[in-house]
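S.K.: coords below, sequence missing:
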């Protein structure tokens, strides 16, 4: 249904005079009405004059039942609104945009930092950020929690160049996080606690004829793999359009090589932005700025020369530079805002680069930002038969022990558990406890308990097979021949 709806949107847009973008099929341009439109699922985001917006609303109303919000300086328009989960506002000096503040607030709350004072920078450089001998791999629910929080940070990263690099490094550890990974994630959360809002400013300016791309690279910045990081930003005049931070796929053998790969990445992004502008009815040039003399020297000449180990696929940029399609310009390193996306910096340098990108920290909360609802996660299974255990995590306070009968995603009809239940937790007075009892014994009377949170652990019966419990599908296939009512219980609820 969604695909069909998208096709209908494209058909109706083209039918009223829009030209679909060649490089970006979700972008449309109306040459006569001078309307720029982005289609995202069943959402339209359009810009143009008040008359053209009224015309577009009339045409869309003929085909769909729609809800509209109008943001602008015209009479009857609002000064602030939400567009694809971003806050957009207009003032006398121009436009502003910021990420939905709920994401930063959720990260802070999920990491338990609501009462923390915060910190000035999202990461530390050098050996201070490395794992120590005491750090161990995370296990079970801790891995799931880490991945969930860092994934939310990754969603936020495109709107937060101040901590984009730190988040990128955290995402690299998602496959096998350690307690050191969690420590670095908490530091990102403390930074977001101290700087929850970053506003992108787009002041009024004259029409710009080119996009400015700044690139940088940090050679062998990763102390574990010795891979380099490419970073960059794209601006049109004073308006920052895009930022990125990427770990290079190969290990560069010199700073010149890593800077070259960073420039190639920036050139690709620049050509993509140039195509996007053409899809929106504008023709722009490219100005690529870098602070690496060696990389510029490689691209100003033709061929490999003394850098024969470099992949020739990266040398296509030499031809583009020779044709002046992507001209290169040397700038001082302290003026290169791309440095923000390649390494950890001090708060002073972060603010300096953000000012150059026309971004600023702000206090308070946007009026249009949705209120943060409680993120207290419902109880869930952290283990479902893996390694012979079923583990229920209780995030909501309970006053009684847990029984797994009829619980969604719980043990299936043919799952066999031992009768011993192990309950570990902490009560409302801060007392930790551990209780082991027979959970299916009707004569077992549990004394009243204070509200508590924690975990309940059930073991899969392995008395008949060494493989028992390691594969839930195999449990269900084999259990019919291995039933013993005296030592286990047969459930009647579906998983």
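M.R.: Yep, that arrived. As the structure is a computational prediction, the values presented were derived from the model and not from experiment. Residues are numbered from 1 along each chain as shown.
S.K.: longest helix anywhere in the protein?
M.R.: helix 255-279 (DSSP state H).
S.K.: what comes up buried for that helix?
M.R.: Across helix 255-279, burial judged by 16 or more other C-beta atoms under 10 Å covers 255-267, 269-271, 273-274, 276-279. All C-beta spots, glycine's among them, are computed from the backbone N, C-alpha and C.
S.K.: I'd like the average pLDDT over it.
M.R.: Per-residue pLDDT values over helix 255-279 give a mean of 91.
S.K.: kindly report the same for stretch 199-210.
M.R.: 94.
S.K.: can you list contacts of it?
M.R.: For stretch 199-210, the surrounding residues in contact (C-beta atoms under 8 Å, 6 or more residues apart in numbering) are 93-98, 159, 236-240, 284-287, 358-362.
S.K.: now stretch 440-452
M.R.: With contact meaning C-beta under 8 Å, 6+ apart, stretch 440-452 is reached by 394, 397-401, 419, 425-429, 431, 433, 437-438, 489.
S.K.: ok, of those, which come out buried?
M.R.: Neighbour-count burial (16+ other C-beta under 10 Å) applied to these gives 394, 398, 425, 427, 489.
S.K.: keep only those of the residues you listed that are in strands.
M.R.: 394, 398, 425, 427, 489 (DSSP state E).
S.K.: test my guess that the first one contacts residue 426.
M.R.: I take that to be residue 394. No. Residue 394 is beyond contact range of residue 426, at 10.5 Å (criterion: C-beta atoms under 8 Å).
S.K.: for the stretch 1-150 of the chain, just list every one of the helices.
M.R.: 2-15, 50-63, 101-110, 141-157 (DSSP state H, counting those that start in this stretch).
S.K.: ignore what I typed, I meant the stretch 351-495 of the chain.
M.R.: Using DSSP H, counting those that start in this stretch, the helices of the stretch 351-495 of the chain run over 472-478.
S.K.: for it, just list every one of the strands.
M.R.: Along the stretch 351-495 of the chain, counting by DSSP state E, counting those that start in this stretch, strands occupy 359-362, 380-384, 389-398, 416-427, 432-438, 452-460, 489-490.
S.K.: tabulate those strands (JSON lines), appending distance to residue 221.
M.R.: Output for the strands of the stretch 351-495 of the chain, formatted as JSON lines (distance: least, C-beta to C-beta, whole Å):
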{"stretch": "strand 359-362", "distance to residue 221": "23"}
{"stretch": "strand 380-384", "distance to residue 221": "34"}
{"stretch": "strand 389-398", "distance to residue 221": "37"}
{"stretch": "strand 416-427", "distance to residue 221": "41"}
{"stretch": "strand 432-438", "distance to residue 221": "42"}
{"stretch": "strand 452-460", "distance to residue 221": "39"}
{"stretch": "strand 489-490", "distance to residue 221": "55"}
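S.K.: out of those strands, name the one with the poorest average pLDDT.
M.R.: Minimum mean pLDDT among the strands of the stretch 351-495 of the chain: strand 489-490, a mean of 32.
S.K.: tell me the pLDDT at residue 315?
M.R.: For residue 315, pLDDT reads 68.
S.K.: pick out the most distant pair among the buried ones among the contacts of stretch 440-452.
M.R.: With C-beta to C-beta as the measure, no two of the buried ones among the contacts of stretch 440-452 lie farther apart than 427 and 489, at 28.0 Å.
S.K.: just give me the closest of the buried ones among the contacts of stretch 440-452 to residue 454.
M.R.: Closest approach to residue 454 among the buried ones among the contacts of stretch 440-452 (C-beta to C-beta): residue 425, at 2.1 Å.
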